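Q: Test case, fold it:
(chains A and B)
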Amino acid sequence: MRRSILSVGDWLALPVVAALIALCCAPLLILLAYSFFQVDFVTISHDLTLANYAKIAGSETYRSLIARAFGSALLVVALTAVIAYPVAWFIAKRVHAAKSTLLTLLLVPLYSGDLIRIFAWRVLLGAEGAINRSLMWLNVIDEPLSGLLFSPLATHIALTYNYLPFMVIGLWLAFESLDDRWLEAAADLGAPTHARFLRVILPLTVPGLVAGGLMVFVMVAGDYLTPQLLGGASGITIISAINDLFGTAFDWPLGSAIAWTMLSILMLCFGLGALAIRRSSLVAEDV
Amino acid sequence: MTRVATFWVYLVFGFMYLPIAMILLFSVNDADVMAFPIRGLTSAWYADILSDARLGGGFLTTLFVAFPVAILSTLFGAAAALALVFYPVRWRGLFAAALLLPFLVPRLILAVAQLILFKEVSVDRSLWTVIAGQSIIILPFSTLIIASVLIRLDRRLIEAAADLGASGRSSFRRVVLPLMGNGLLASWVIAFVLSSSEYVLTAFLSGREQPLSVLVASDFRFNLSPSLNALAVLIVFGNIALVVLAEAIRRRSGSKA
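A: Residues are numbered from 1 along each chain as shown, chains lettered A, B, ... in the order given. Okay, the predicted model is just below:
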């Protein structure tokens, strides 16, 4: 079969790889190059320097913004994991005919787009918004809760809402491949409910937890619109700082360096996560 | 335990649809403030939106972008899915990882990176740069949808075609292509929806002509009015109708195989 050097699959992949290189890899590499340049009044000097990275490492503001981005991401991963876990179990193990309908229903709100979903939360959470007005109407509170909108609370509610379906999908896949006979065996051997959960179900769904968690983590850390439009003063994030440096502040090299700092940390997390999934699935096969 | 879980599932699905229910409610509420209690029904906000020439123009611009984006990402997605599922491809793992890249890189970072690229090669920002940028970020979704259809295809059909003397090309044209048709259609529809609702990248790469999502975003920041609810409802239900259509198409291909 080795008549030509490239197989049919290679020929099919070729244009796709070309497009990915042209519009994804090349732009990111140019961004990397810019991160070693510097702004000289209004022009960009092409002498290579590590000054931008030194600036990030030395700046209290940028360090804390980066830490906050990943803190937020971890918090939302934890929230979505707790909320999604029973849902994923239910869809995988307690539903039969309606399975794909439920999954579709879960994904449908995603397709309304970031902007519209954020707008809806603004309507819900605002001082004149649905939740405040309803609580006042019901005489639960006398004046609107002002901390509802334009706060970290609003941001994290909306982030959890936005990325919950991804966590459900990750966990659902893990539950689908979980063999119920493990549970029966554990029960036969006298394991009480909590032991069955902690020592059988939880370890076997770790790959799903990590996969869903990684997706949520990456997307929350990189989310620009949600904190920007719902966070108020807390809406300044490391991602919005990149946006400002490319816009009004006109310091593309520093913006590029921050972007690559974020990308490097994200890639590291992703590598570790992939490793964790591989190891835990090896363990699962060994038992 | 099942009863508690059932309750929880209802709660979570309620949470997912609460924002949509809210904008639906306030889009027909006869009051300037978006708040309870509901005052009465009106279709005024919808009339506002439908008679707005600026938004109408934005909508046409969105269509102008979304059609080619949906075609491009479906074509490239089909090639990628075929290479991943059917035909052996060199460095398969690396290829799959590269396909995930546009999805995983934060949207804003990819947007500024593409902005620099277009500047370096002296291409002015226009709807064409939007089309190129959007196609690449939607590619992972198209690939996934088409691959999910291909995975369920019965490989024996292709073997049978080969046994009956069909060449690689004619078995592709007469067996694989008709069977993956539904996947292509579903991918096209989903790509269309994703393209029309994409904002961050679109805002960065568009020039003077701005699609609907960019116009909505500026209204949203500077000019919050109940008519935005009506617009949001039209967009949400338009998108939901298309997504449900795509799912129905994709599932039909499953039952046949």
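
Q: Look up how far chain B lies from the closest residue in space to A:Ala233 that isn't next to it in sequence.
A: Among residues not flanking A:Ala233 along the chain, A:Phe150 sits closest, at 7.3 Å (Cβ to Cβ, 6 or more residues apart in numbering or on different chains). Where C-beta positions appear, they are placed from N, C-alpha and C, glycine not excepted. According to Cβ to the nearest Cβ, to the nearest Å, A:Phe150 stands 13 Å off from chain B.

Q: Hmm, A:Phe150 is touching A:Gly232, no?
A: Yes - A:Phe150 sits in contact with A:Gly232 when judged by Cβ atoms under 8 Å, with a separation of 2.7 Å.

Q: what about those two, which has more around it?
A: Set side by side, A:Phe150 and A:Gly232 give different neighbour counts by other Cβ atoms under 10 Å in any protein chain shown, the larger being at A:Phe150 (20 against 16).

Q: contacting residues around the closest residue to B:Arg125 other than its chain neighbours?
A: Sequence neighbours aside, B:Gly207 is the residue nearest to B:Arg125 in space, at 4.1 Å (criterion: Cβ to Cβ, 6+ apart). B:Gly207 makes contact with B:124-127, B:129 under the criterion Cβ atoms under 8 Å, 6 or more residues apart in numbering or on different chains.

Q: how about those residues, which pair is most distant?
A: B:Asp124 and B:Leu127 (10.9 Å; Cβ to Cβ).

Q: where in the stretch 51-200 of chain A is pLDDT low?
A: In the predicted model of the stretch 51-200 of chain A, residues A:127-128 satisfy pLDDT under 70.

Q: mind checking which helix or strand A:Leu28 is in?
A: Secondary-structure assignment from DSSP states H and E places A:Leu28 in helix A:26-34.

Q: buried ones in that helix?
A: By neighbour count, with 16 or more other Cβ atoms under 10 Å in any protein chain shown as the criterion, the buried positions of helix A:26-34 are A:26-28, A:30-32, A:34.

Q: and stretch A:210-218, how far from the chain's centre?
A: With Cα atoms, centre = their mean, to the nearest Å as the basis, the distance from the averaged C-alpha position of stretch A:210-218 to the chain average is 6 Å.

Q: average pLDDT for it?
A: Averaged across stretch A:210-218, the pLDDT comes to 92.

Q: Correct me if wrong, but A:Ile44 is in a strand.
A: Yes - when DSSP: H, G, I helix; E, B strand; the rest coil is applied, A:Ile44 is found to be in a strand.

Q: can you tell me which residues contact it?
A: A:Ile44 makes contact with A:34, A:37-38, A:252-253 under the criterion Cβ under 8 Å, 6+ apart.

Q: So which residues on the stretch 51-200 of chain A come close to chain B?
A: Taking Cβ under 8 Å from any Cβ of the partner chain as the criterion, the neighbours of chain B within the stretch 51-200 of chain A are A:83-84, A:86-87, A:89-91, A:94, A:100, A:104-109, A:111-117, A:119-124, A:126, A:128-130, A:132-134, A:137, A:161, A:164-165.

Q: PyMOL command to pick out the buried ones of these?
A: Buried residues within those, by 16+ other Cβ under 10 Å, are selected in PyMOL with:
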select buried, chain A and resi 83+84+86+87+89+90+91+104+106+107+108+109+111+112+113+114+115+116+117+119+120+121+122+123+124+126+129+130+132+133+161+164+165
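
Q: just so I have it, where are all the helices in the stretch 101-250 of chain A?
A: Defined through DSSP state H, counting those that start in this stretch, the helices belonging to the stretch 101-250 of chain A, from first to last, are A:114-125, A:130-137, A:152-176, A:180-188, A:193-196, A:202-221, A:225-230, A:238-246.

Q: and what of chain B?
A: With helices called from DSSP state H, chain B shows them at B:2-27, B:44-50, B:53-85, B:92-104, B:107-120, B:127-151, B:155-163, B:168-171, B:177-197, B:200-205, B:212-222, B:227-256.

Q: how about the third one, does it reach chain A?
A: Just to be clear, that refers to helix B:53-85. Yes - if you take Cβ under 8 Å from any Cβ as the test, helix B:53-85 does meet chain A, through B:76, B:79-80, B:82-83.

Q: re earlier: are any of the contacts of B:Gly207 buried, and if so which?
A: Neighbour-count burial (16+ other Cβ under 10 Å) applied to the contacts of B:Gly207 gives B:125, B:127, B:129.

Q: Going by distance to chain A, which of the residues you listed wins?
A: Comparing those against chain A with Cβ to the nearest Cβ picks out B:Thr129 as the nearest, at 10.0 Å.

Q: need the contact list for the closest one.
A: B:Thr129 makes contact with B:114, B:118, B:123, B:205-207 under the criterion Cβ under 8 Å, 6+ apart.

Q: mind putting the residues of helix B:53-85 next to chain A in a markdown table, distance to A:Ile66 included?
A: Supplementary listing: the residues of helix B:53-85 next to chain A in a markdown table, determined by distance: Cβ to Cβ, whole Å:
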| residue | distance to A:Ile66 |
| --- | --- |
| B:Phe76 | 34 |
| B:Ala79 | 38 |
| B:Ala80 | 33 |
| B:Leu82 | 40 |
| B:Ala83 | 37 |
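
Q: By neighbours, which of those residues wins?
A: For the residues of helix B:53-85 next to chain A, counting by other Cβ under 10 Å, the largest number of neighbours falls to B:Ala80: 30 neighbours.

Q: distance of B:Ala78 from B:Leu150?
A: 9 Å (Cβ to Cβ, to the nearest Å).

Q: meant to ask about B:Arg251, not that
A: 15 Å.

Q: of those two, who's got more company?
A: Neighbour tally, B:Arg251 and B:Leu150, criterion other Cβ under 10 Å: the higher count belongs to B:Leu150, 20 against 16.

Q: leaving aside the residues next to it on the chain, what's closest to that one?
A: Setting aside the residues directly before and after it, B:Leu150 is nearest to B:Val85 in space (Cβ to Cβ, 6+ apart), at 4.2 Å.

Q: Cheers, nothing more for now.
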